[in-house]
Structures are given as structure tokens and as C-alpha cells.
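3D, please:
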Amino acid sequence: MNAVTETFLNTLAVSCDIDRVGNLKAQMADLKKEHDAIVDAFKNAGEGTYEGNLFKGTVYMASTVRVDHKAVAEAAFAKLAANLTEEEFKRFKDEVLAANAEQSVSIGFRLSAR
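This is a model prediction of the structure:
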């Protein structure tokens with residue numbers, strides 16, 4: 001095989017591989033859309049376990065609380081300087097935590113083999 005033929009065949013192989021990767025990526029996008037639509041339907045149906053012949057899916061809710069610790073610490077140091085009683089500080093701490101906390105709820109879906 002001469003150098004020109006070898007270069008042509010290598011270019012052809014690369015071209016086919018690139019096209020294959022592109023096709024696979026397009027198929028994956030289509031499959032992801034289908035997957036997400038089905039999972040969303042289960043999430044909309046509510047919490048619980050849904051069983052198939054080979055797999056089972058579980059829809060669950062999770063609650064998360066995020067606290068701005070920097071804001072809480074800054075407020076706490078400011079109040080510590082004011083010489084609060086223990087009861088006053090506890091009340092203040094609860095107020096500051098409530099003011100600097102953000103709660104979010106997420107709905108998840110877990111799939112497992114049976």
C-alpha cells in the first residue's frame with residue numbers, strides 16, 4: 001500500500017469514527033429526552049415505589065436547609081459584645097438562624113434492579 005492510499009484510508013476511518021460519535025451523541029440526546037419525560041411522569045405521580053419486571057423506581061422527596069454561616073457568625077459576634085444573658089442569646093440565636101436559613105425541597109428518582 002502506498003502512502004497516498006494509506007493516508008486516504010486513515011482519513012476515511014477518522015471520518016467514519018467522527019460521524020459515528022456524532023450519531024451516537026444524537027441518539028443519546030433523544031434517549032435522554034425520553035428518559036426525562038418518563039421520570040417526570042413518575043415524579044408527578046408522587047412519592048412511592050414503582051415496580052417493573054426488571055427494575056423498580058422510587059420517587060422520593062428530600063428537604064435541605066442551607067444556612068449562611070458567615071452571616072450567623074457576624075451577628076453572633078455583634079451580640080456577644082452586648083453581654084446578653086444565656087436566655088437572650090438562645091432567643092437571638094434562633095432568630096438569626098431562622099433569618100439566615102433557606103429551605104428547599106427536591107424530588108428525586110432512583111432506579112434499581114430487582
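
Domain boundaries for the protein, per the record?
Domain ranges of the chain: 1-45, 46-114, per automatic domain parsing.

Just the endpoints, please. Distance across the longest one?
Pointing back at domain 46-114 there. 21 Å (C-alpha to C-alpha, to the nearest Å).

Name the nearest residue to residue 52, sequence neighbours excluded.
residue 114 (7.6 Å; C-beta to C-beta, 6 or more residues apart in numbering). All C-beta spots, glycine's among them, are computed from the backbone N, C-alpha and C.

In JSON lines, list the domains of the chain along with mean neighbour count.
Formatted as JSON lines, the domains of the chain follow (neighbours: other C-beta atoms under 10 Å):
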{"stretch": "domain 1-45", "mean neighbour count": "10"}
{"stretch": "domain 46-114", "mean neighbour count": "12"}
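
Mean pLDDT for those domains - can I get that in TSV?
Listed next are the domains of the chain as TSV, based on pLDDT from 0 to 100:
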stretch	mean pLDDT
domain 1-45	86
domain 46-114	86
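
how close does residue 65 sit to residue 43?
From residue 65 over to residue 43 the distance is 22 Å, taken as C-beta to C-beta, to the nearest Å.

All the helices of this structure, residue numbers only.
3-45, 69-80, 86-99 (DSSP state H).

so which of those helices gets nearest residue 106?
helix 3-45 (10.1 Å; C-beta to C-beta).
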